[in-house]
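Q: Just to be clear, the model below is a prediction. Sequence and coordinates:
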Amino acid sequence: MAFSKFPLPPQAHGLSARLLILTIFFVMLAEVAIYVPSIARFREQYLQERIRTAHLATLALEVMPDAQLSESVAMKLLDQAGAYGIALAGPGMAKRALYRKMPPSADAIVDLDASTPWDMIVEAFETLAQRDNRVLRVLGYSQQEGGAMLEVIIDETPLRHAMYDYSVRILALSIAIALLTAGLVFVSLQWLMVRPIRNLTENMMLFRSDPENPRRMITPSGRDDEIGMAERELAAMQRDLRMALTQRARLAAIGAAVAKISHDLRNILQTASVVSDRIASIIDPEVRRMTPRLIESIDRAINLCQHTLGYARENLPPPERRRFDLRALVEEVGNDQALANGAAFSLENEVAGGIEIAADRDQMFRALTNLVRNAVEAGAKHVRVAGRAADGTVTLTVADDGPGVPPKARENLFQPFVGSAKSGGAGLGLVIARDILRAHGGDIALAETSDKGTVFSLDLPVEPKHQASSPEPAS
């Protein structure tokens, strides 16, 4: 017969249940620590009581002439003391003794005055562990007659049964104390901690489902402890996140509108460019003088629209990693820019030979090209690219001899549309280069800039983390 599985309520796996279980466990642990000396003390008191009872039995010998008792009276006294034999001896006094006819030999001797607390604990657990009866010879000083030594021979089984009964009572009391303490602690923690934490958790789940809904934000309770601080910090975080999401949604809407406007504006500007080309053929000197400036302005506007549309539509694909030589890539970037800019431009390749990285070659080519093109457009005539590898990381430096990055552009250097250092620029070259580097696990930063040039630093891992690289296919 198959049993259906019923899921436990959330409280069974929650903080409340764990606190309850831990409280009961620690209380029981404390009770065990108390029980160990207590059971030893109980055994000692039991044996001391046997000594006192035995001393009372010996008093009958003191009042009888010649210290002689009838056998029936002696047996009654021994039965009353629960002993096989009793003996009392001391300095300056006659020995008094009561014995059965055939007292058994003792299996163990217990000297109450010579035993240490540790000995009492060990002997108590030895008694509890016994399964058969042992005969004990108990020795102790009489409190009524100073210096007199009492000797009692008794069975261990009654003592063990008394210790069992005491242990059961201690266990019942421990369970009651544990349950009462755990209940009080549970109720207190439930009110002080668990319920507020559960409210925090529920609010975070609700806020996550609809972060733009202001009614999903938590209302701090006003507590001045750690829970209250967490509530206030959560409320502040939710407020900031909601504002950021709202601003992001508005920017997305504005971006979509700008993309549409840029698309239509580009078509209009292309028509204007065609008209400007025709105007350039007019013989009028004033028209010829103004036409190049008009064409240049229209070209900048078209270029800005194209960059805006490209950035709005572009979704950088994941890198397709292949192993390739970094120096060869830099050489290819230099040749490409030399063809585009003519003899006025030169690129010095100082990347050490033999450095291979596992990366997307096309994306890395684009990132380096953007850096070099930005330098040329800023007025640089010479660019130097150096590279070294150390501790699994390749560090590239791209240095130019341009006029440097203006202070205003440095503040928003990696922000699209606001980080351009030239008039009419979209400021997307560095943004795209940084996105490519970060997609590869690296980064780019402005190392230094002055009127003598600018230096960018690029960090890139030689091997991607948690991803095996495949060799570049042979051409």
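A: Cool, the structure landed. Numbers count the residues shown, from 1 in each chain.
Q: going forward, measure contacts between C-alpha atoms and count neighbours the same way
A: Will do.
Q: what ranges do the strands span in the chain?
A: 85-90, 93-99, 108-111, 135-141, 149-155, 322-325, 346-351, 356-359, 382-390, 393-400, 443-450, 453-461 (DSSP state E).
Q: From the contact counts, what lies against the first one?
A: With contacts taken as 3 or more CA pairs under 8 Å, 6 or more residues apart in numbering; DSSP states H and E, strand 85-90 sits against helix 15-63, strand 93-99, strand 149-155.
Q: Comparing these, which yields the minimum mean pLDDT?
A: When these are ranked by mean pLDDT, strand 93-99 comes last with a mean of 75.
Q: partners of that one in the sheet?
A: strand 85-90 (antiparallel) (DSSP bridges).
Q: what's the offset of the partner strand from the middle of its chain?
A: The chain centroid and the centroid of strand 85-90 are separated by 70 Å, computed with CA atoms, centre = their mean, to the nearest Å.
Q: That one vs strand 149-155, what angle?
A: 170 degrees (axes from the mean of the first three to the mean of the last three CA atoms, to 10 degrees).
Q: Contacts for strand 85-90 next, please.
A: 54-55, 58, 78, 95-100, 103, 147-154 (CA atoms under 8 Å, 6 or more residues apart in numbering).
Q: Measure how buried Pro104 is and give me the count.
A: For Pro104, the count of nearby residues is 14 (other CA atoms under 10 Å).
Q: returning to what we had before: okay, the strands of the chain in CSV with distance to Ala178 and mean neighbour count next?
A: Below are the strands of the chain laid out as CSV (distance: least, CA to CA, whole Å; neighbours: other CA atoms under 10 Å):
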stretch, distance to Ala178, mean neighbour count
strand 85-90, 44, 21
strand 93-99, 48, 16
strand 108-111, 35, 14
strand 135-141, 37, 21
strand 149-155, 35, 23
strand 322-325, 65, 18
strand 346-351, 73, 18
strand 356-359, 63, 23
strand 382-390, 62, 18
strand 393-400, 59, 21
strand 443-450, 59, 16
strand 453-461, 58, 20
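Q: Could you export the ones you listed as CSV, including distance to Met237?
A: Shown next, in CSV, are the strands of the chain (distance: least, CA to CA, whole Å):
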stretch, distance to Met237
strand 85-90, 83
strand 93-99, 88
strand 108-111, 72
strand 135-141, 75
strand 149-155, 75
strand 322-325, 42
strand 346-351, 46
strand 356-359, 37
strand 382-390, 40
strand 393-400, 36
strand 443-450, 28
strand 453-461, 33
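Q: Which of these has the lowest mean pLDDT?
A: Among the strands of the chain, strand 93-99 carries the lowest mean pLDDT (a mean of 75).
Q: Alpha carbons of it, as CSV, please.
A: Extracted as CSV, the C-alpha positions of strand 93-99 are listed here (Å, rounded to 0.1, in the frame of the first residue of the first chain):
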residue,chain,number,x,y,z
MET,A,93,34.9,1.3,72.5
ALA,A,94,34.0,-2.4,72.2
LYS,A,95,33.1,-3.6,68.8
ARG,A,96,29.4,-4.1,68.2
ALA,A,97,28.3,-6.4,65.3
LEU,A,98,25.2,-8.0,63.9
TYR,A,99,25.5,-10.7,61.2
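Q: quick one: terminal-to-terminal distance for stretch 331-350?
A: When the termini of stretch 331-350 are compared using CA to CA, to the nearest Å, they are 10 Å apart.
Q: What about Leu428, how many residues nearby?
A: 23.
Q: that older thread, among the strands of the chain, which is nearest Ala235?
A: Nearest to Ala235 among those is strand 443-450; the distance by CA to CA comes to 33.5 Å.
Q: In the sheet, which strands lie alongside that closest one, parallel or antiparallel?
A: Here, using DSSP bridges, strand 443-450 pairs with strand 453-461 (antiparallel).
Q: now the partner strand, how far from the chain's geometric center?
A: 34 Å.
Q: Stretch 371-389 now?
A: With CA atoms, centre = their mean, you get 44 Å for stretch 371-389.
Q: now the helices for the stretch 301-450 of the chain?
A: 326-341, 361-377, 407-411, 429-439 (DSSP state H, counting those that start in this stretch).
Q: lowest-confidence stretch among the ones you listed?
A: helix 407-411 (a mean of 76).
Q: Which strands or helices does that one pack on?
A: By 3+ CA pairs under 8 Å, 6+ apart, helix 407-411 packs against no helix or strand.
Q: in that helix, what's buried?
A: Ala409, Arg410 (16 or more other CA atoms under 10 Å).
Q: How about exporting that helix as CSV, limited to the C-alpha atoms?
A: Extracted in CSV, the C-alpha atoms of helix 407-411 (Å, rounded to 0.1, in the frame of the first residue of the first chain):
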residue,chain,number,x,y,z
PRO,A,407,38.0,67.6,-18.6
LYS,A,408,34.3,67.8,-19.5
ALA,A,409,34.6,64.6,-21.6
ARG,A,410,36.4,62.7,-18.8
GLU,A,411,33.4,62.9,-16.5
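Q: so Ala380 touches Pro403, yeah?
A: Yes. Taking contacts as CA atoms under 8 Å, Ala380 lies within contact range of Pro403: 7.3 Å.
Q: who touches both of these two?
A: Taking CA under 8 Å, 6+ apart as the criterion, Ala380 and Pro403 both touch Gly453.
Q: So the two - more neighbours on which side?
A: Applying other CA under 10 Å to Ala380 and Pro403 shows that Ala380 carries more neighbours, namely 23 against 16.
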